[in-house]
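1. Structure, please.
(one chain, ligands or ions: 1)
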Amino acid sequence: MPASSLEQIVSLAKRRGFVFPSSAVYGGLGSTWDYGPLGVELKNNVKRAWWRSVVYDRDDMEGLDAAILMNRLVWKYSGHEATFSDPMTDCRSCKARPRADHVFVAQKGRDPVNVGEINAAIEAKELKCPKCGATDLTPARPFNLMFKTTVGPVDTGDDSGLAYLRPETAQGIFVNFGNILDTMRRKLPFGVAQIGKAFRNEITPGNFTFRTREFEQMEIEYFVKPGEDEAAHQAWIDARTQWYVDLGMRRENLRQREQTKDELAHYAKRCVDLEYRFPMGWSELEGIANRTDYDLKAHSRSPENPDAVGELRYFDQEQKKHIVPYVIEPSAGADRATLAFLCDAYDESLVKEPPAEETAKLRELVLSFAKSVDKRDPKQMETPVKERLVAAAEKIAAALPGSLPELLGLADDADANRIEVWKKVRGAAEKLGEEHTRTVLRLNPKLSPITVAVFPLKKNEPRLVETARGIKRDLQRAGLRTVYDDTGAIGKLYRRQDEVGTPFCITVDFQSLDDQTVTVRDRDTMGQERVGITELGAALRAKV
Ligand code: GAP
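-> Purely as a prediction, here's the structure:
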């Protein structure tokens, strides 16, 4: 059964060392996350698979790693200083600060023509604060999403040391176009790929790692002759879609969405979003835009840009003249892709029906939790939170034991944990879950944080331990991420590795000492076969 809520993914990610809330020892920092020991492996594998596919497997691509801090003029001429902003309004009554365009769309049922139309509606008291309902909103103001910092030892109080943390990696590629052209002797069409951090002071971050203020992008700028841009754009849309599918993402959870004329950025001729069906609904995974010649022209010396030192252009041997290439930009998020692969791989199922009386006891506990939430004073727990918890608890209670995975997904819910009886619900659910459910991350082996786990049948038998440790060492040297574990019974160790997506588990038993073979167990089929120790490396590498 796939995850029905993002909470199930968040819970697994925290429990098994994929993602932790950042700086949690000081209460955290809203919507910032740290990738734990397994998360960093998964995300690195996603980035490596992307790099391999768009740089190494092609003949028309180069890589780049540009600085995060760049001359402020980059952001002036890219248009970010003037336009990379969201319109915000303040509620004078409750001090909420919602996005004015979101308020307009939610209450008028259509997009506003411009900020002027939003402000006219605010002035006419046609728009209400989404939090308290008051019609006392301030006119919308632009809120720039770029984080500012100061370069140099002294904050002079003026703008002389002002710099920005880059809000996208793309501009680092545009301003290096000439360098790459000169040093790599490229002919059009060719592209440049880059992976790196980007920062945006998002007004409404959320949905776990989906929208954060610090994130990683995997961006390509692909330069083509004008006139060849439309075919190249379509080829990239197809190639990028196929990349997710080749790495195991289910095609039915992936769709291409053509941006409407109103949505298109001012520089874009066409843009197609690749969307994934996350538990919270279809949402953008990657945008693939035709940016025309906008960026290279914007950073070239001209009457509009007297600060640029030269022109970013290409000498076309066929036409014997300089041209400004068009740019196709497949722009993906490493964090979003990682989250999507996690969601897609998640599979939790009831493997054994619990005894009826235990299910009945758990159902009673869940219903008593729902009653406690319902009785809570709205001053202590806001009504929308109460409604969410009561609805979830009643739905889960009605569907037990089948809804046990869903209940386990709620275990870490911060609001549920404010209710005393939740501890009992959680304890009982975890006990039943331990005995009756199986969680498997069906990740493509190329993405799994761990490829092979090796166990000795008995940890107090030195010959088994020594053989198992030797296999671990050899497989790791052969380039397969391998771990050794002897901290539980074999069945429990299999379950732990299933939960983090390890495709292969090896058990060293007494037969291994006689015939130098081990058991290799496959995560997906749960089938086991005996393989000679000396053949393990080749056999497993062939499967990965
Ligand atoms: N250079 C074009 C560009 O930056 P974008 O649509 O703003 O386009 C590209 O961002 C991708 O970066 C998105 O599709 C998403 O995967 C990722 N991304 C953007 N903002 C993000 C955020 N706040 N948190 C996580 N990922 C984000």
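
2. what about Q528, how many neighbours?
-> Counted with other CB atoms under 10 Å, the neighbours of Q528 add up to 11. The way it works is simple: take the backbone N, C-alpha and C, and place the C-beta from them, glycine included.

3. Show the pLDDT at it.
-> On pLDDT, Q528 comes in at 97.

4. now swap in R110 and tell me
-> The predicted local confidence for R110 is 85.

5. Give me the buried positions along stretch 506-514.
-> Going by neighbour count (16 or more other CB atoms under 10 Å), the buried part of stretch 506-514 is 506-509, 512.

6. which residues touch it?
-> 452-457, 463-464, 467-468, 471, 490, 517-521, 530, 533, 536 (CB atoms under 8 Å, 6 or more residues apart in numbering).

7. How much space separates G281 from N305?
-> 41 Å (CB to CB, to the nearest Å).

8. For the stretch 101-250 of the chain, which segments count as helices?
-> Applying DSSP state H, counting those that start in this stretch to the stretch 101-250 of the chain gives helices spanning 115-123, 170-174, 177-184, 229-246.

9. where does the stretch 151-300 of the chain have low pLDDT?
-> Scanning the stretch 151-300 of the chain with the threshold set as pLDDT under 70 gives 155-156.

10. Could you count how many residues lie near the closest residue to the ligand within the stretch 301-450 of the chain?
-> Closest approach between the stretch 301-450 of the chain and the ligand, counting by CB to the nearest ligand atom: G333, at 2.4 Å. Using other CB under 10 Å, G333 has 23 neighbouring residues.

11. repeat for the one 4 residues further on
-> The criterion is other CB under 10 Å. On that basis, A337 has 26 neighbouring residues.

12. do the same with the one 3 residues further on
-> The burial metric for A340, expressed as a neighbour count using other CB under 10 Å, is 25.

13. Apart from its neighbours in sequence, what residue is nearest it?
-> Distances taken as CB to CB, 6 or more residues apart in numbering place Y276 nearest to A340, at 4.3 Å, with adjacent residues excluded.

14. got the phi/psi numbers for that neighbour?
-> phi -120, psi 150 (degrees, to the nearest 10).

15. That one reaches L254, doesn't it?
-> Yes - counting by CB atoms under 8 Å, Y276 touches L254, with 5.9 Å between them.

16. any residues in contact with both of the two?
-> 244, 285.

17. more neighbours, these two?
-> More neighbours surround Y276 than the other of Y276 and L254, with 24 against 18 (other CB under 10 Å).

18. separation between that one and T209?
-> 13 Å.

19. shared neighbours of the two, anything?
-> Common neighbours of Y276 and T209 (CB under 8 Å, 6+ apart) are R336.

20. What parts of this structure come near the ligand?
-> Selection of the chain residues close to the ligand by CB under 6 Å from any ligand atom yields 168, 170, 200, 202, 211-212, 215, 217, 219, 284-287, 329, 331-333, 335-336.

21. Run through the residues that contact N207.
-> 6, 278, 280, 283.

22. Could you verify my assumption that the first one touches F278?
-> Right, L6. Yes - L6 is within contact range of F278, at 7.0 Å (criterion: CB under 8 Å).

23. Overlap of the contact sets of these two?
-> Joint contacts of L6 and F278 (CB under 8 Å, 6+ apart) are 207, 343.

24. that older thread, any idea which of the contacts of N207 has the most stuff around it?
-> Neighbour-wise, the contacts of N207 (other CB under 10 Å) top out at F278, 22 neighbours.

25. That one contacts F208, doesn't it?
-> No - using CB under 8 Å, F278 is not in contact with F208, being 9.4 Å away.

26. and for those two, which residues touch both?
-> 6, 339.

27. Does F177 touch L312 like I think?
-> Yes - using CB under 8 Å, F177 is in contact with L312, at 4.9 Å.

28. Show me whatever sits in contact with both of these two.
-> L296.

29. Just the helices from the stretch 401-544 of the chain, written as ranges.
-> Going by DSSP H, counting those that start in this stretch, the stretch 401-544 of the chain shows helices at 404-409, 422-436, 462-477, 490-499, 510-515, 536-543.

30. Redo those as CSV? Include mean pLDDT.
-> Output for the helices of the stretch 401-544 of the chain, formatted as CSV (pLDDT from 0 to 100):
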stretch, mean pLDDT
helix 404-409, 83
helix 422-436, 89
helix 462-477, 98
helix 490-499, 95
helix 510-515, 97
helix 536-543, 95
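
31. Which element, helix or strand, includes the residue positioned nearest the centre of the chain?
-> Closest to where the C-alpha atoms of the chain average out (CA atoms, centre = their mean) is R336, at 2.1 Å. Using DSSP states H and E, R336 maps to helix 334-345.
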